[in-house]
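Novice: below is the structure, and that's it, no one-letter string:
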């Protein structure tokens, strides 16, 4: 410890630190120059000023208040203490900046404040304050008082400023007037030492029982543990005096305080943002009323940060939330002095996670307002408080004629625009409360009118007049007239021109009409990919019917159910496939054995007897009950999709589109009909060819394919194939069916020069409803699903069908022309999923509830977040599995990744990652390291399973239900006791046992898992340095949190220090991140 000026002076007192002071000491030891806990009060003085007189006034003030002469001592002693010097010299600097321009003067002050903040203080030197006076002009000064927050809290600032400026004024007339001695801060510390922690422990344990994970913000980004220093932003929202008066009256009428009203509103906002019903945030308490007499007059640090826990549901009356907040605030008063580190210790939140991520501070006044109220010269002076918080969000509420809110936030995690919207939502909630005091939590308005208009109207301006109300086949017939001799379809060396295709389809249509097929009548199609398949589909449409695709690979039971459920009177197939059919009652028409009958039919277009409102197809999708459900879609929606695609992406007569998607999936509809509507050539992949990437490379190159579709999982495999770079004919590739990972998009552009488009749409809404054009180097780390296509509306709503704010997840709802009729023969399910559209003025307008989770980005594009039923909770943390998969795929050896939550042992849910890799196969340890650098610890899978290939559904998507259970794996640490082996280990173990109060400690156990926390770490650090007679920084204990690791590190100082195991080192980084976010007051 370096020499201090205090050595030269008498120490007049010594006493322990308060809990908050201990926390700030610990934060200082961890990050001495982070700028956190450094307070800067700036007083702008539009007057002539005497620097020497101001310096003398400050010397007087420091002599008057003992805490201003304090330093902290912690080396070689059991508990840190603060020593009070009889006298110290206050650093006072004057800088003449009159030569600078007004702009440069502002820049100079801003630069100084930043540098001065990061300079910080050595806490073992007194005083922990310094003074700087800038002169800008003859009667223009700015005075900067920099000090460590460990000395004072906000209640002290106006009093000390008033006293020092009164002394400054008195010195102009002579001496400073004598004043009664202020009560010493020590009295409070002595009182604290006498308090029993037993009652407080019980109170906090009961309050926090069952709370296991910090409340998510919902709008923030994850910052890796090594993500750099906090970058503070600020934003204000000031309520007008009329609204403030209404809020004050509301609080009075319901026996509430304004503080309780703000706390309850903040809880509601966090609930609406996160979707959680168990909310915990931090709140700062003044902690003066419950202590010694005269505490209000004392100068020192009294405040404490503590958790507020509010349980609420959307159906609760908002008033009940405010009353609960008020009651809890009163109930905690006897326990408000408990160090937050001890509160956290009795909670069930993991040691590496903070107890809360937002902090609410309610102040009875703004400092500038309080000083101006003194009158005189203060009416012209301006006071600013500059400080650096280390919470993602710190909300400060200032009472007054106009209730003011200030948010200090971390720009690494949050955007300025998001914070601005948040403040607007806070205002809207408060306005809603006083407008309708009986409203429920879920129905309180949160959006501004401008936001609501943007979300529901402006971003849904997709209306386009679709010309010439035609059905799909009528558009194709028009193309036949235009290019009769152009190649329409090719398959395995066989071609059909447009004229030939139309004539054969006409014969099928006439035959079907003779069998009674007409509008809305489903016709089964049981065919492998072939020319006959295209002829059959088009023939069914021309007959007026709707095709029902039946995949020959489906089990017979599924086929039998679909035929019976759809009541298809006719079935088109080939004789070779008939034995694979189940027992059924449909009339069978075979293209081969019934060829003579078909050939006798007219080859002219049949009479049109259907409209765009009639059905084009019925496609069955998987049902939650185990039975597939039929989705009937009409011509109008499909035509809208196809004409939009032609407008957006344009096919020409020279284009060749590869049809490879099984026709039992609706993506196949545009593969079949878009080229046939536009004069392009449809190239059919051979049966099962869509599952073989080498074949796809071959057919693309040989057939000069320009346009095709992939589900992302198949695209990944395709891009790994040899010869992909030779697919130079490709002009446009479309992805849909699954989320498109960002790294796969980047991989695409590395291998191919084509355009890549990300489309989204469920079967219930005519193929696709949104689109996004991908491009490299766009500055995004996600691949959005874009905006709605023609005549389609997208709403992201909460459970009350209210639009959620930008950036907040909600359920994606679809409206517009593409909606299916519902579910075949399932009126109850149809009523649940196809609901009345509350935003449309059209009679009968509907919305489809997709069950997909999404959010709007600030520019109106949409980010797909996954299925709502794919969101899981592990140990209280809400987890999106796709986020983990995306990070795993960033490893160069990982080709494919799927993560699921398994519960192979009842009650023990865990994450399991399934991987397909390329050589060399990565170790699970390396994958954990990658994940821990990018994601919170709770998102790291417990097991990794390596597979030759992922099981796929018939559509090419990963089949999650077919993934095998992981084998029992030997854990890295099985919890057995390993005694100390070396002298170094024994010495460290002895210190741990003494500090932690344990009889024995295994050398592989983690300090924090044993009940250690940051306060105890300071004690361990001091004792180890004394016992081992070795100097090392406290951060070493985080990097080496086991006795084995620490002993190895400390034993080899002469050579290169060995690294801790990656497992522990990454955990230490996460621990440090939590500490940095919550100082000591929520650090573990």
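Specialist: Looks like it came in fine. From a predicted model like this one, the values you see are computed outputs, not experimental measurements. Numbers count the residues shown, from 1 in each chain.
Novice: thinking residue 29 is in contact with residue 1018, fair?
Specialist: Yes: using CB atoms under 8 Å, residue 29 is in contact with residue 1018, at 6.8 Å. Bear in mind the C-beta positions are built from the backbone N, C-alpha and C, glycine included.
Novice: more neighbours, the two?
Specialist: Remark: of residue 29 and residue 1018, residue 1018 carries more neighbours, 22 against 17, as counted by other CB atoms under 10 Å.
Novice: quick check: neighbours shared by residue 29 and residue 1018?
Specialist: By CB atoms under 8 Å, 6 or more residues apart in numbering, residue 29 and residue 1018 have these common neighbours: residue 1034.
Novice: for the residue nearest to residue 960 when sequence neighbours are not counted, give its distance to residue 19.
Specialist: The spatially closest residue to residue 960, leaving aside those adjacent along the chain, is residue 900, at 5.5 Å (CB to CB, 6 or more residues apart in numbering). Taking CB to CB, to the nearest Å as the measure, residue 900 falls 43 Å from residue 19.
Novice: next one: residue 124
Specialist: 20 Å.
Novice: now swap in residue 476 and tell me
Specialist: 78 Å.
Novice: now swap in residue 604 and tell me
Specialist: 92 Å.
Novice: between these two, which one's more packed in?
Specialist: residue 19 (23 against 12).
Novice: ok, that one - contacts?
Specialist: By CB under 8 Å, 6+ apart, the contact list for residue 19 reads 192, 304, 337-342.
Novice: if we go to 7 Å?
Specialist: Counting by CB atoms under 7 Å, 6 or more residues apart in numbering, residue 19 makes contact with 304, 337, 339.
Novice: list the contacts for the first one?
Specialist: For residue 304, the contacting residues are 19-20, 285, 287, 336-337, by CB under 7 Å, 6+ apart.
Novice: gap between it and residue 334?
Specialist: 13 Å.
Novice: next: residue 586.
Specialist: 78 Å.
Novice: ok, how many other residues are close to the closest residue to residue 804 other than its chain neighbours?
Specialist: Distance criterion CB to CB, 6+ apart; nearest residue to residue 804, sequence neighbours excluded, is residue 810 at 3.8 Å. Look at residue 810: counted by other CB under 10 Å, it has 23 neighbours.
Novice: quick check: residue 810 vs residue 1046, distance?
Specialist: 48 Å.
Novice: all strands for the stretch 451-600 of the chain, in order.
Specialist: 487-491, 494-497, 522-526, 546-549, 570-573, 587-590 (DSSP state E, counting those that start in this stretch).
Novice: among these, which is nearest residue 719?
Specialist: Nearest to residue 719 among those is strand 487-491 (25.3 Å), distances taken as CB to CB.
Novice: list the contacts of that closest one.
Specialist: Under CB under 7 Å, 6+ apart, the answer for strand 487-491 is 495-498, 501, 530-531, 534, 676, 681-684.
Novice: mind checking pLDDT for residue 31?
Specialist: At residue 31, the pLDDT value in this model is 80.
Novice: and what of residue 818?
Specialist: 95.
Novice: same thing with the one 4 residues further on?
Specialist: Note for residue 822: predicted pLDDT of 96.
Novice: repeat that for residue 684.
Specialist: Looking at residue 684, the pLDDT reads 97.
Novice: ok, now residue 995?
Specialist: For residue 995, the pLDDT comes out at 86.
Novice: same deal with the one 5 residues further on?
Specialist: Here the pLDDT value assigned to residue 1000 is 87.
Novice: so residue 260, which state does it fall into?
Specialist: Under DSSP: H, G, I helix; E, B strand; the rest coil, residue 260 falls in the helix class.
Novice: name whatever forms a beta bridge with residue 810.
Specialist: In this entry, residue 810 is beta-bridged to residue 854, by DSSP bridges.
Novice: I'd like to know how far residue 771 sits from residue 628.
Specialist: Separation of residue 771 from residue 628 (CB to CB): 28 Å.
Novice: same question but for residue 1050, I mixed them up
Specialist: From residue 1050 across to residue 628, the span is 65 Å (CB to CB).
Novice: now swap in residue 110 and tell me
Specialist: From residue 110 to residue 628 the distance is 65 Å (CB to CB).
Novice: and those two? Which one has more around it.
Specialist: residue 628 (17 against 11).
Novice: dump the residue contacts of residue 113.
Specialist: If you count contacts by CB under 7 Å, 6+ apart, then residue 113 has 40, 386 around it.
Novice: again, only using 8 Å
Specialist: Here residue 113 is in contact with 40, 42, 144, 386 (CB under 8 Å, 6+ apart).
Novice: which residues does the first one bridge with?
Specialist: Which is residue 40. Residue 40 has these beta-bridge partners by DSSP bridges: residue 146, residue 386.
Novice: list the residues that contact it.
Specialist: Neighbour list for residue 40: 113, 116-117, 144-146, 385-387 [criterion: CB under 8 Å, 6+ apart].
Novice: and if you look at the second one?
Specialist: Neighbour list for residue 42: 109, 113, 142-145, 383-386 [criterion: CB under 8 Å, 6+ apart].
Novice: what's the farthest-apart pair in the contacts of residue 113?
Specialist: For the contacts of residue 113, the farthest-apart pair by CB to CB is 144 and 386; their separation is 8.8 Å.
Novice: which of these two has more residues huddled nearby?
Specialist: Neighbour totals were compared for residue 144 and residue 386, and residue 144 leads with 21 against 18 (other CB under 10 Å).
Novice: that one: what secondary structure?
Specialist: Three-state assignment for residue 144 (three-state DSSP): strand.
Novice: hmm, it is touching residue 129, no?
Specialist: No: in this structure, residue 144 is not within contact of residue 129 by CB under 8 Å, at 10.8 Å.
Novice: any idea how far residue 503 is from the residue sitting furthest away from the middle of the chain?
Specialist: Within the chain, residue 600 marks the point farthest from the mean C-alpha position, 63.8 Å out by CA atoms, centre = their mean. Relative to residue 503, residue 600 is positioned 13 Å away (CB to CB).
Novice: give me the contact list for stretch 829-840.
Specialist: 456, 629, 764, 793, 795, 801, 815, 819-820, 822-823, 845-849.
Novice: end to end, how far does it reach?
Specialist: Across stretch 829-840, the terminal residues are separated by 22 Å (CA to CA, to the nearest Å).
Novice: picking that back up, redo the contacts of residue 113 as JSON lines? Include distance to residue 328 and pLDDT.
Specialist: Formatted as JSON lines, those follow (distance: CB to CB, whole Å; pLDDT from 0 to 100):
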{"residue": "40", "distance to residue 328": "34", "pLDDT": "97"}
{"residue": "42", "distance to residue 328": "36", "pLDDT": "97"}
{"residue": "144", "distance to residue 328": "39", "pLDDT": "98"}
{"residue": "386", "distance to residue 328": "32", "pLDDT": "92"}
